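A.B. asks: pasting the sequence and the predicted model now:
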Amino acid sequence: MATVISSADTLTRDALAVLQPGFPGTTAPDWLLRRLDEGLVSVALFGRNVRSPEQLAALCGQLRRAREDLLVAIDEEGGDVTRLEVRGGSSFPGNLALGAVDDTELTRDVARELGRRLADCGITFNWAPSADVNSDPRNPVIGVRSFGADPHLVARHTAAYIEGLQSAGVAACAKHFPGHGDTAVDSHHDLPRVTADLATLQDRELVPFRAAIAAGTRAVMSAHLLLPAVDPERPATLSPAALTGLLRAPEAEGGLGFDGLIVTDGIEMRAISATYGIERGSVLALAAGADAICVGGGLSDEDTVLRLRDALVRAVRDGELPAERLADAAARVRALAHWTRVAGAGEGAAPAPGIGLAAARRALRLTATAPYAPLTEPAYVAAFTPLANIAVGDETPWGLAAELTRLLPGTGTATYTADQAAAGTSALVETLLTAAGERPVVAVVRDLHRHPWMADALHALLAARPGTAVVEMGVPQAPPQGAPHLATHGAARVCAQAAAEALTGRTA
């Protein structure tokens, strides 16, 4: 006898289908496995879920045994934002390094190898690449995650990245629509406002998203930012004008004509949660045209999933959210899950284990502001360290000391922060030089142009020790200084390795 599914059951299953929740730990909790049987289609993984490729593959296998047509999502950009290698640093340079090389074949190859490693672990959906044009150098959250400040360069590398990633059977997700590059506010903390007019948005922010759609991206992630030229009241994630209009509408009507999955950025980010709350925000996002709600970066428990499920069901019953809109969204999530099963069923991409380091070496830019000789003896690495943004996190190590120590055993290091600089730049530099002793000093900075305390400390250090080498591991916006100055265009482990090689003239 056939099982009869009631309309209430269908509504509940659809509400679960549009959620992409995370969870703590390196094995799946029982509550999550139960919800997979009740209609949940997606699971989001973060650094907290990863210990090793073998453990991650076992976790994904456990999840897939509960639901075969499962969408397993992760935020693995490579470079500074890594979850696969959260505790050791990425084997791949990030977008800015690839943009600096400006070889789309290289970008495609790097993304293909990254996709291959994700697929080998059982990941089927990657919230990458960032298609943002980093037009505001003060940007605290995009920076090296962007391919650059030129819309057309960003567009061609966004397309290449998507082609490479999806050739490995992993769905790509261009983010953060309509573009998070022209902001000086991090939407994890507050609601950014982009004041550009529509013509500027069309000629700058939207150029890479058009390229992403043309390249066949399976998904686009919305941004939690206010664009008065599009919608003066609601942020893009909650705006029908941005999602149903600008992103979905046909090109003939002024839109981008995207017909794939629209997923929100983390709904718990304060740009949404502090203003609308996560339940109301989720309802408004679905009503605006989003198909999936990313949740779990900071909320990762069963209660959150049930609260959001029930809020969506209640919104349909109260007439706030059309049942047809929820059903359409759920169908798009299931369709993407089906695509990943089909795309991942063929032959995998050929391994290219050295491609990340090769790309990092090509991205390195050396400026000799004064005569210098390669380091041949242990050095002292002074890491001027800003607060990490939430997207990057503070679990992933960065800097040069580990890689330089491999080449020059006995190398020492210490971290210097804004708090120390607040107590006096002279005292900071005196402490640094005392610790360094006679060893050559290598100063490592990150986004020097955004941190006055860091610029002041570096200036004082160079005045006291002119032979100091400087390695910029963020956006190289400030003029080169140091003997020599190296720009890595990112803080991935391979970027540090490339810089250590350049400073010593040798390889590990």
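C.D. replies: The structure has been received and is ready for your questions.
A.B. asks: can you pull out the strands in the stretch 1-150 of the chain?
C.D. replies: For the stretch 1-150 of the chain, the strands defined by DSSP state E, counting those that start in this stretch cover 19-20, 42-45, 71-74, 125-126.
A.B. asks: can you give the distance of the third one from its chain's centre?
C.D. replies: Centroid separation for strand 71-74 versus its chain: 14 Å, with Cα atoms, centre = their mean, to the nearest Å.
A.B. asks: CA atoms of it as CSV?
C.D. replies: These are the backbone C-alpha positions of strand 71-74, laid out as CSV (Å, rounded to 0.1, in the frame of the first residue of the first chain):
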residue,chain,number,x,y,z
LEU,A,71,24.2,18.4,-0.7
VAL,A,72,27.4,18.8,1.4
ALA,A,73,28.5,22.4,1.4
ILE,A,74,31.7,24.1,2.6
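A.B. asks: packing partners for that strand?
C.D. replies: The contact analysis (3 or more Cβ pairs under 8 Å, 6 or more residues apart in numbering; DSSP states H and E) places strand 71-74 against strand 42-45, helix 53-66, strand 125-126, helix 323-343. For every residue, glycine as well, the C-beta is placed using N, CA and C.
A.B. asks: if we use 10 Å, what do you get?
C.D. replies: Helices and strands touching strand 71-74, by 3 or more Cβ pairs under 10 Å, 6 or more residues apart in numbering; DSSP states H and E, are strand 19-20, strand 42-45, helix 53-66, helix 104-121, strand 125-126, helix 323-343.
A.B. asks: out of the strands of the stretch 1-150 of the chain, which one sits most buried?
C.D. replies: Among the strands of the stretch 1-150 of the chain, the stretch with the highest mean neighbour count (mean count of other Cβ atoms under 10 Å) is strand 125-126, at a mean of 30.
A.B. asks: which residues in the stretch 101-250 of the chain form helices?
C.D. replies: Residue ranges of the helices in the stretch 101-250 of the chain, as given by DSSP state H, counting those that start in this stretch, are 104-121, 151-167, 198-203, 206-214, 240.
A.B. asks: with the stretch 351-500 of the chain instead?
C.D. replies: If DSSP H, counting those that start in this stretch is used as the criterion, the helices of the stretch 351-500 of the chain fall at 355-363, 401-407, 418-422, 425-436, 452-464, 493-504.
A.B. asks: and these: which comes nearest residue 49?
C.D. replies: helix 493-504 (20.1 Å; Cβ to Cβ).
A.B. asks: ok, which of the helices and strands packed on strand 71-74 comes nearest residue 224?
C.D. replies: strand 19-20 (15.6 Å).
A.B. asks: distance to residue 476, mean neighbour count and mean pLDDT added to the helices of the stretch 101-250 of the chain, as JSON lines?
C.D. replies: As requested, the helices of the stretch 101-250 of the chain are exported to JSON lines (distance: least, Cβ to Cβ, whole Å; neighbours: other Cβ atoms under 10 Å; pLDDT from 0 to 100):
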{"stretch": "helix 104-121", "distance to residue 476": "19", "mean neighbour count": "23", "mean pLDDT": "97"}
{"stretch": "helix 151-167", "distance to residue 476": "16", "mean neighbour count": "24", "mean pLDDT": "98"}
{"stretch": "helix 198-203", "distance to residue 476": "25", "mean neighbour count": "14", "mean pLDDT": "94"}
{"stretch": "helix 206-214", "distance to residue 476": "21", "mean neighbour count": "22", "mean pLDDT": "98"}
{"stretch": "helix 240", "distance to residue 476": "40", "mean neighbour count": "15", "mean pLDDT": "98"}
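A.B. asks: what about the closest residue to residue 137 other than its chain neighbours, neighbour count?
C.D. replies: Distances taken as Cβ to Cβ, 6 or more residues apart in numbering place residue 477 nearest to residue 137, at 4.9 Å, with adjacent residues excluded. Other residues lying near residue 477 total 16 when counted by other Cβ atoms under 10 Å.
A.B. asks: thought residue 477 was touching residue 447?
C.D. replies: Yes. The pair residue 477 / residue 447 is scored as a contact, 7.5 Å apart, by Cβ atoms under 10 Å.
A.B. asks: so what sits against both of the two?
C.D. replies: Counting by Cβ atoms under 10 Å, 6 or more residues apart in numbering, the residues touching both residue 477 and residue 447 are 137-138, 143.
A.B. asks: relative to residue 416, how far out is the closest residue to residue 399 other than its chain neighbours?
C.D. replies: Distances taken as Cβ to Cβ, 6+ apart put residue 383 closest to residue 399, at 4.6 Å, once the chain neighbours are dropped. Separation of residue 383 from residue 416 (Cβ to Cβ, to the nearest Å): 7 Å.
A.B. asks: what residues are shared contacts of those two?
C.D. replies: With Cβ under 10 Å, 6+ apart, residue 383 and residue 416 have common neighbours 443-444.
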